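1. give me a model of this one.
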Amino acid sequence: MRLFIYLMAGTAAMIAVMLFSGRYYHLPVWKGIVSAILLTAAGYAGAKVMAFVEMGTWDGRSFYGALFLAPCLMIPVALLLRIKIRELLDLCAPCECIMLALLKVDCVVSGCCYGIVLGRREVEDGFQAIRFPSKITECVAAMILMVVLILILKKKKNYGLIYPWYMVLYGASRFCLNLLRDTEPFVWILPAGNFWSLISITIGLIWMLVYKKWQKKNKTEINR
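-> Model (predicted):
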């Protein structure tokens, strides 16, 4: 029941963000609504797949699965709805921040993703650890990132580059915030969050480089 409520609330919020951002690309309302609903499904599926990769179980969720898998799943959606792929991916980026924020709310409720111990305080039956509020911090960071991405999206020069910007900015912020989490190594000495953050930053930077070269090539051919 709790998961259903999260999914419904997340879908509604993502529709609102999709329609708000879609104004800059003149996206029809019905296409924005359908895209946001399918993005919710794609993101949830990706989060479950990544949880299985990291932990070998389908019980958990890992947001990096949504970050990596959602673009692949949204490409056929763009083709089906006759939306330019780069435009739909641009619009998906701030929407996914809503999904991330809700996952952090779920972490607060379920009691996972603890922050590092900052100190201890005395209680009646002993001592209680004082931890860094990583879940709340990451939730707030996700909302700030959403606003930043929308501001970047408003500038025409960033057309087609919002999703790679998202991967770079989220990867960088998550890498730093993950240092304040109580984590275990996943690859070598790196916890899963830090490892996938580096992968995300790398993919985002390569994506930007390839896209800009493609833009430059097309402009050259048009001007001939």
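
2. please make it C-alpha for all contacts and neighbour counts, starting now.
-> Fine.

3. which intervals of this protein have sub-threshold pLDDT?
-> Along the chain, the parts satisfying pLDDT under 70 run over 1, 3, 122-124, 220-224.

4. tell me where it has helices.
-> Along the chain, counting by DSSP state H, helices occupy 2-22, 29-55, 63-81, 85-110, 134-154, 162-178, 192-223.

5. between these, which gets nearest to F186?
-> With Cα to Cα, the closest approach to F186 among the helices of the chain belongs to helix 192-223: 5.0 Å.

6. what residues of that closest one count as buried?
-> 192-198, 200-201, 203-204, 207-208 (16 or more other Cα atoms under 10 Å).

7. can you redo the helices of the chain as a markdown table with distance to D125?
-> As requested, the helices of the chain are exported to a markdown table (distance: least, Cα to Cα, whole Å):
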| stretch | distance to D125 |
| --- | --- |
| helix 2-22 | 32 |
| helix 29-55 | 34 |
| helix 63-81 | 37 |
| helix 85-110 | 24 |
| helix 134-154 | 26 |
| helix 162-178 | 31 |
| helix 192-223 | 34 |
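
8. nearest to R120, out of the ones you listed?
-> helix 134-154 (16.8 Å).

9. which other helices and strands contact the closest one?
-> For helix 134-154, the elements it packs on are helix 85-110, helix 162-178, judged by 3 or more Cα pairs under 8 Å, 6 or more residues apart in numbering; DSSP states H and E.

10. adding distance to L39 and mean neighbour count, write those out as a markdown table.
-> Compiled in a markdown table, the helices and strands packed on helix 134-154 are given as follows (distance: least, Cα to Cα, whole Å; neighbours: other Cα atoms under 10 Å):
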| stretch | distance to L39 | mean neighbour count |
| --- | --- | --- |
| helix 85-110 | 7 | 22 |
| helix 162-178 | 14 | 21 |
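
11. could I get the ones you listed as JSON lines with distance to K48?
-> Shown next, in JSON lines, are the helices and strands packed on helix 134-154 (distance: least, Cα to Cα, whole Å):
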{"stretch": "helix 85-110", "distance to K48": "12"}
{"stretch": "helix 162-178", "distance to K48": "19"}
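
12. what are the buried residues along stretch 125-134?
-> Under 16+ other Cα under 10 Å, the buried positions of stretch 125-134 are 131-134.

13. stretch 12-28 now?
-> Per 16+ other Cα under 10 Å, stretch 12-28 contains these buried residues: 12, 14-19, 21-22, 25, 27.

14. how far is it from where the chain is centred?
-> Relative to the centre of its chain, stretch 12-28 is centred 17 Å away, using Cα atoms, centre = their mean, to the nearest Å.

15. equivalent analysis for stretch 12-30, please.
-> 17 Å.

16. for that stretch, measure first residue to last.
-> Using Cα to Cα, to the nearest Å, the end-to-end distance of stretch 12-30 comes to 14 Å.
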